[in-house]
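have a look at this prediction, sequence included:
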Amino acid sequence: MALQKLNTLGIIETRVGEGSFVCSFSLRPALSAPSVFYEGEDKYHAVNQLRNLLEYECMRLAVYSASDAEKEELKGALEHYTKLVDVYYGSIDNHDILEQLVDADFNFHYKVVKMSHNKLYRDI
């Protein structure tokens, strides 16, 4: 049952007669599936409020507990995101660049969450 759950989450791929193999993992499918329940202007506002609450608290904790190495990683992530913004505005119809920009944005915010050193926030 555990393998079946990992397969459903997209963490492993099971091939008949061969076994189970770890996949390249992404949170995108896990986060995208429930997002349809939060579409619409009224629900978007609630999601945005929750995100602001979590991000503010993570940033507050990160200020006190992040190492210098983590701060440098965050700076690099922000610089990468900023460069992609410039590229995207030069090629606004390029879906691949948009996807890279979204990934860079997620990476920046995830680094802030990790810098909070709160495992529960990171897991959420």
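All right, it came through fine. Numbers count the residues shown, from 1 in each chain.

and the helices in the chain?
Counting by DSSP state H, the chain has helices at residues 2-8, 28-35, 41-65, 68-90, 95-115, 119-123.

looking at the ones you listed, which is closest to F21?
Nearest of the helices of the chain to F21, taken as Cβ to Cβ: helix 2-8 at 10.2 Å. In short, each C-beta sits where N, CA and C put it, glycine included.

which strands and helices sit next to that closest one?
For helix 2-8, the helices and strands in contact under the criterion 3 or more Cβ pairs under 8 Å, 6 or more residues apart in numbering; DSSP states H and E are strand 12-15, strand 19-22.

for the chain, which residue occupies the most central location?
F106 (4.1 Å; Cα atoms, centre = their mean).

check what pLDDT V16 gets.
V16 is assigned 88 on the pLDDT scale.

ok, now how distant is it from L3?
Note on V16: its distance to L3, by Cβ to Cβ, to the nearest Å, is 13 Å.

between the two, which is the more surrounded one?
Ranked by neighbour count (other Cβ atoms under 10 Å), V16 and L3 place L3 first, with 12 against 5.

name the nearest residue to the more buried one, ignoring sequence neighbours.
Nearest residue to L3, sequence neighbours excluded (Cβ to Cβ, 6 or more residues apart in numbering): S20, at 5.5 Å.

my guess is that neighbour meets I12, correct?
Yes: S20 lies in contact with I12 (Cβ atoms under 8 Å); the separation is 4.8 Å.

that older thread, how about the helices and strands packed on helix 2-8, which one is nearest F37?
Judged by Cβ to Cβ, the one of the helices and strands packed on helix 2-8 that comes nearest to F37 is strand 12-15, at 26.1 Å.
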